[in-house]
Structures are given as C-alpha cells and as structure tokens.
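Here's a sequence, model it:
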Amino acid sequence: MSIENRLAVLEAQVVQIINERDREPDSVRALRARIDSNHNAVLGELGSLHADVQDLRTGQARLEAGQTKLRGDVQELRTGQARLEAGQTELRGDVQELRGGVQELRGDVQELRGDVQELRGGQARLEAGQQAVMDRLAEVLSKLP
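Just a heads-up that it's a prediction; the model follows:
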C-alpha cells in the first residue's frame, strides 16, 4: 500500500471518529471531557511524583555518601585513639623508666656523698700524717749539730 493510500485511510478513520463524537450526546461529551481532564491531571501528578522520586533518590545517594564518609571518619578516629592509647602506654613506661633513673641517681649521689666523706677523712689523716712527719722532721733537725 502506498503512502498516499495509507494517508487516505487514516484521514477516513479520523473523519469517522469525529463524526461519531459529533453524534454522541452532550452528557457523553462532558464525561469524555472530564475523563480527559482527569487523565491530564493524573499525568501531571505522575510527572510530579516522578520528579519527587528522583529527588528522593538523589537525597538517598547523598545520604549514603555521607554515611560512608562518616564511617571512614569514625574508623580514622578509632585508629587515632588506638595510636594515642599506645603513645600513653609508652609514655607511662618512659615515666617509670625515668623514675627508676632518678632513684638510681639518688643512690649514686648518696654513694658520692659517702665517697666525699671518706676523702675528707683521708685528707684529714693525710694532713695529720703530714703534720706528724713535719714535727718529726723538726725534731730530727733540732738534734742535728
């Protein structure tokens, strides 16, 4: 069938539909108009609902991205907290070590004080011995002609 024939058939069908509609009672036309109006309103609402669904999907995707980032941040905080706790434990160990070093230094100071006392006693004995030697030397020298 050629295009011209097909167009002629379609025109005939359109004319037939228009003629059939013209013969419809006014109540059917009014009902058809209301149906068309309601149909258009429903299509408008569907379009609006479709837009709302798209907005919700976009919002959900942003929310999920935010949750993922939040999970990453929480994991990072937990890792940081673990490092902090490890650092605190290490610092406590260092403080204990320093306290041990302080105790050792105090012991060394006491030992040095004892050594100083001993040296002072030795010095006093040396000075006394030196004086005794000088006195003896003076005695010996006084007996010499």
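
Output the below-cut-off pLDDT ranges for the chain.
Nowhere does the chain drop to pLDDT under 70.

residue ranges for the helices of it, please.
For the chain, the helices defined by DSSP state H occupy 3-22, 26-143.

What is the neighbour count of residue 64?
Using other CB atoms under 10 Å, the number of residues around residue 64 comes to 10. C-beta: built from backbone N, CA, C; applies to glycine.

ditto for the one 4 residues further on
With neighbours defined by other CB under 10 Å, the count for residue 68 comes to 10.

And it, how far from residue 62?
When distance is defined by CB to CB, to the nearest Å, residue 68 is 11 Å away from residue 62.

Residue 80: what's it in contact with?
Neighbouring residues of residue 80 by CB atoms under 8 Å, 6 or more residues apart in numbering: there are none.

quick one: it from residue 93, how far?
Looking at residue 80 against residue 93, where the rule is CB to CB, the gap reads 20 Å.

same thing with residue 112?
With CB to CB as the criterion, residue 112 and residue 93 are 28 Å apart.

With residue 53 instead?
60 Å.

now do residue 74
In terms of CB to CB, residue 74 sits 29 Å off from residue 93.

same question, residue 2
Residue 2 is 99 Å from residue 93, by CB to CB.

cool, residue 10 as well?
Residue 10 is 94 Å from residue 93, by CB to CB.

same deal with residue 48?
67 Å.

Could you do residue 47 as well?
69 Å.

Any chance you could list what contacts stretch 110-129?
Residues contacting stretch 110-129 (CB under 8 Å, 6+ apart): none.

Could you export that stretch as PDB, CA atoms only?
Output in PDB follows, covering the C-alpha atoms of stretch 110-129 (Å, rounded to 0.1, in the frame of the first residue of the first chain):
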ATOM      1  CA  GLN A 110      74.400   9.100  98.300                       C
ATOM      2  CA  GLU A 111      77.400   7.000  97.200                       C
ATOM      3  CA  LEU A 112      79.200  10.100  96.100                       C
ATOM      4  CA  ARG A 113      78.500  11.800  99.400                       C
ATOM      5  CA  GLY A 114      79.900   8.700 101.200                       C
ATOM      6  CA  ASP A 115      83.000   8.900  98.900                       C
ATOM      7  CA  VAL A 116      83.400  12.600  99.700                       C
ATOM      8  CA  GLN A 117      83.200  11.900 103.400                       C
ATOM      9  CA  GLU A 118      85.700   9.200 103.000                       C
ATOM     10  CA  LEU A 119      88.000  11.500 101.000                       C
ATOM     11  CA  ARG A 120      87.700  14.200 103.700                       C
ATOM     12  CA  GLY A 121      88.600  11.700 106.300                       C
ATOM     13  CA  GLY A 122      91.600  10.600 104.200                       C
ATOM     14  CA  GLN A 123      92.600  14.200 103.700                       C
ATOM     15  CA  ALA A 124      92.400  14.800 107.400                       C
ATOM     16  CA  ARG A 125      94.500  11.700 108.100                       C
ATOM     17  CA  LEU A 126      97.000  12.900 105.400                       C
ATOM     18  CA  GLU A 127      97.200  16.300 106.900                       C
ATOM     19  CA  ALA A 128      97.700  14.800 110.400                       C
ATOM     20  CA  GLY A 129     100.300  12.400 109.000                       C
END
